[in-house]
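1. Everything below, folded, please.
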Amino acid sequence: MSADGVTESRSSFWTSVASLFATSSTLVCCAIPALLVAMGAGAALSSLVAIFPQVVWLSEHKEAVFALAGVMMAGSGALQWRNRHAPCPTDPALRDACMRTRKVSWKVYLLSVAFYLMGGWFAFIQPWLSE
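-> The predicted model follows:
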């Protein structure tokens, strides 16, 4: 831990951002295409695939995408849990920054969990229910 006590909060924040980035790929591979088709915007989906053909690759490898995102989410969640009671600096300005960073990283983590669950619904559960 650094002398100012902010290192844990920053690392927790950046791991939350990394998990948000990883889980957004689950939205791109599964949730957004399913939403476009459900809204009757198949032409928009085909235009999206024509511009970004990597979307097809993500959809074909959705198990690996979800596994990688799940590992990153688990790591981020473990760091969030470990740092939940980490000491903050005694200086009022640094303490407030530390607490603010801790709250923001928790909100970013919860947003990434929501993205992960939404992508998982459209990738695995919704197709299974439609059979």
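
2. Okay, buried residues for the helix of greatest length in the chain please.
-> For the chain, the helix that runs over the most residues, judged by DSSP state H, is helix 92-120. Of the residues in helix 92-120, those buried by neighbour count under the rule 16 or more other Cβ atoms under 10 Å are 97-98, 101-102, 105, 108-109, 112-113, 115-116, 118-120. Glycine gets a C-beta too; all of them are placed from N, C-alpha and C.

3. Closest to residue 47 out of those residues?
-> Closest to residue 47 out of the buried residues of helix 92-120 is residue 119 (21.2 Å), distances taken as Cβ to Cβ.

4. Not counting the next helix or strand after the longest helix of the chain itself, show me its contacts.
-> Once helix 92-120 ends, the next helix or strand along the chain (criterion: DSSP states H and E) is helix 126-130. Taking contacts as Cβ atoms under 8 Å, 6 or more residues apart in numbering, the residues outside helix 126-130 that touch it are residue 34.

5. Ok, stretch 28-36 next?
-> So stretch 28-36 is contacted by 42, 44-45, 48, 55, 58-59, 62, 65, 118-123, 126 (Cβ under 8 Å, 6+ apart).

6. Can you turn the buried part of the residues you listed into a PyMOL selection?
-> Of those, the buried ones go into a single PyMOL selection, burial set by 16+ other Cβ under 10 Å:
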select buried, resi 45+48+55+58+59+62+65+118+119+120+121+122+123
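
7. Out of the helices and strands in the chain, which is least certain?
-> helix 7-26 (a mean of 74; mean pLDDT, DSSP states H and E).
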